[in-house]
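1. turn this into a structure:
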Amino acid sequence: MVNPRSGDASPSADELAVEARTRGIDVHVLREGDDAAGLVTSSHAAFVGIAGGDGSLAAVAAAVLARDAALVCVPFGTRNHFARDIGLDRDDPIRALDAFAHGVERRIDVGRVNGRLFLNNVSLGVYAGLVHRREHRRRRGEALARARALLAVALHRHRLRARVNGRDVAARAIFVGNNCYELDLFTLGARNRLDEGRLFLWIAAGILPTAWDRRTGTSFRIELPDARVRAAVDGEPALFETPLELDVLPQALRVLIPERDAQATTRRTAMHDNPEASEHEQKQAQEGRQQEEESMRYPEHHDPDEQSRRAQREPED
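-> Model (predicted):
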C-alpha cells in the first residue's frame, strides 16, 4: 500500500507503484476514505508493505500483527523515525522494496497504550501540545505550522499533574518510548535496539524540557485528574480516556528488511550490545560529574541548578 499524501514526492507515489509492480508486488495506492487496516485484514498476503511515514505504520502494523503476517516498511514520509531505527536508508524507498524478494526477518517489540499499538512513542504535555497545534494549523492551511506550534507551546507553561505507577509527578512533558531513545530538547535521536522488551519513560519538569528523569519497565500506569487527555502517538494527535495503561509486547512483530540493511544493523547493534561495560562507563561518568560539581561549589553556596542536575540522573524502577 502506498500513501500518496506522505513524503516530498521524490519519487512520486506513481513512480513507486510502477517500480513495485515491475517486481511482481501487488500495489494499492490509498485513496481518501480507504481503511488501510481493513485492507490488510481482508488480504491473504504473507508480506504486507506500507509506503508512508510514521503515522501510516502503526495502524497497518496492528493489522499485520493480528494476522501474523510480516511487515515491510517503505520509508515514504517526512521524518521516517521507525525506518531509521530499523536500519533502512530513509532516503531510498525503492531500495526498501528489496525486502519482498530478499528480506531478512527481525522480530521487534511493539508498545500499547489503552489497547492501541505504537511502534515509536507516546507523549503527553508539551510534545503532545506541539503535535495537536501543528495538526490544527495544518488543517487551517497555515504555513510554518510546526514553528508556530512550537512558539505556542513554549509560551504555555501549564504542567501536567499525574501519578506514574503510584508516584506523583508534576511535568511539562511525559514521553514513553518503545525501547530507548537518545533524547534531547524537541529532538528525537535514534534507538540502537528495538528488541529489549522494555518501555522507557522520561519526565521533564522544567519550563523547557532539558533535564529528564528516566524510568524503565514493562508497563506503566499514568493517572491524570481529567477524564480525557490529549496525547501524541507515533507523531499523530490522539485523545485517550484516563488512566493510561501502557505495556510492551516483546518481539511480537515480524519485520522484513533488505539483506544488506540487515547486515549493517547487526554490526551497529553489536557495537552497543555490551550492557555490563555500558553500565560501568555510565557509573564512572556519573561519579566524575558529581565530583566535579562538588569541587566547583563553595560549601555555603546554594546551587539552584542542583534539582535540575538530579533530574538528569537515571533511576530505574
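2. for this structure, what's the longest strand?
-> When the chain is parsed with DSSP state E, its longest strand is strand 244-258.
3. pull the CA atoms of that one into CSV?
-> Written as CSV, here are the backbone C-alpha positions of strand 244-258 (Å, rounded to 0.1, in the frame of the first residue of the first chain):
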residue,chain,number,x,y,z
LEU,A,244,-3.4,5.4,30.5
GLU,A,245,-2.3,1.8,30.6
LEU,A,246,0.9,1.2,28.7
ASP,A,247,2.7,-2.1,28.1
VAL,A,248,5.1,-3.8,25.7
LEU,A,249,4.7,-6.9,23.6
PRO,A,250,8.3,-8.3,23.3
GLN,A,251,9.4,-9.3,19.8
ALA,A,252,5.8,-9.6,18.7
LEU,A,253,6.0,-8.1,15.3
ARG,A,254,7.7,-9.7,12.3
VAL,A,255,9.5,-7.2,10.1
LEU,A,256,11.3,-7.9,6.8
ILE,A,257,14.2,-5.6,5.8
PRO,A,258,16.6,-5.9,2.9
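4. for that strand, which helices and strands make contact with it?
-> Judged by 3 or more CB pairs under 8 Å, 6 or more residues apart in numbering; DSSP states H and E, the packing partners of strand 244-258 are helix 54-67, strand 70-75, helix 93-96, helix 99-102, strand 103-113, strand 121-125, strand 199-204, strand 219-223. The C-beta positions use only the backbone N, C-alpha and C, and glycine is treated the same way.
5. on the pLDDT front, check the closest residue in space to residue 78 that isn't next to it in sequence for me.
-> Take residue 78 and drop its neighbours on the chain: the residue closest to it by CB to CB, 6 or more residues apart in numbering is residue 53, 5.7 Å away. On pLDDT, residue 53 comes in at 90.
6. so who does residue 53 touch?
-> 3, 6-7, 76-80, 235 (CB atoms under 8 Å, 6 or more residues apart in numbering).
7. can you check residue 47 too?
-> Counting by CB under 8 Å, 6+ apart, residue 47 has contacts 69-72, 99-100, 103, 256.
8. which one among these gets closest to residue 182?
-> In terms of CB to CB, no member of the contacts of residue 47 lies closer to residue 182 than residue 71, at 24.1 Å.
9. who's in contact with the closest one?
-> For residue 71, the contacting residues are 47-50, 57, 60-61, 64, 253-256, by CB under 8 Å, 6+ apart.
10. against residue 202, how distant is it?
-> To residue 202, residue 71 is 27 Å away according to CB to CB, to the nearest Å.
11. one step back: out of the helices and strands packed on strand 244-258, the one nearest residue 85 is which?
-> strand 103-113 (9.2 Å).
12. tell me the buried residues in the closest one?
-> 103-104, 106, 108-113 (16 or more other CB atoms under 10 Å).
13. which elements pack onto it?
-> So strand 103-113, by 3+ CB pairs under 8 Å, 6+ apart, packs with strand 70-75, strand 116-118, strand 121-125, strand 173-178, strand 244-258, helix 259-272.
14. so the fourth one versus strand 121-125, what angle?
-> Orientation of strand 173-178 against strand 121-125 (axes from the mean of the first three to the mean of the last three CA atoms, to 10 degrees) gives an angle of 170 degrees.
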